[in-house]
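Asks: next come a sequence and a model predicted from it.
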Amino acid sequence: MDGCTNYTVLSEADRAQGDAEPPHERNDSSLVTGWYCFQGAAGDRMPDKCVFSYRCGTEHPGWLKGAHPTVAEGVLTRKVCYSIDDFGNLNFIIKVKNCSSYFVYELQRTEYRYGGKASAGKLH
């Protein structure tokens, strides 16, 4: 299955890394394993730097460790770190793909929550 043509949108405003408003109780325990794309108020990608605790509508937000792939790199394996102590010491493996004008992520359910962020410019 090609993630660029078959994905689920994550667009909740409280998923954005800038959201620090309580409650911080959301999680992604109901996600079905598959390809996801951040859009709208959630941002257009997963953050690729540490996101502090109590952001993204959750106590322990998830962020991508490592750079997002270029189109030429295809699908890359990356870690998603969770800010358990603000240093991302808990992590899981996911896949990431650059679809030219957006990214998709092969995510799985977690008791934590994947964070989103708005990019500062064009995709790489």
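Replies: Arrived safely, thanks for sending.
Asks: the protein: strands as residue ranges?
Replies: Ranges of strands within the chain are 8-10, 34-38, 61-65, 75-82, 90-98, 103-107, 113-114, based on DSSP state E.
Asks: elements contacting the shortest one?
Replies: If you count contacts as 3 or more CB pairs under 8 Å, 6 or more residues apart in numbering; DSSP states H and E, strand 113-114 packs onto strand 61-65. C-betas here are computed from N, CA, C, even on glycine.
Asks: in this protein, what spans have low per-residue confidence?
Replies: Residue ranges of the chain with pLDDT under 70: 1, 85-89, 120-124.
Asks: next up, the contacts around the residue of the chain most remote from its centre.
Replies: No residue in the chain sits farther from the centre than residue 72, which is 20.9 Å out by CA atoms, centre = their mean. By CB atoms under 8 Å, 6 or more residues apart in numbering, the contact list for residue 72 is empty.
Asks: and among the strands of the chain, the most buried is which?
Replies: strand 113-114 (a mean of 26; mean count of other CB atoms under 10 Å).
Asks: who's in contact with it?
Replies: Residues contacting strand 113-114 (CB under 8 Å, 6+ apart): 10, 15, 26-28, 36, 46, 56-58, 60-62, 80, 105, 107.
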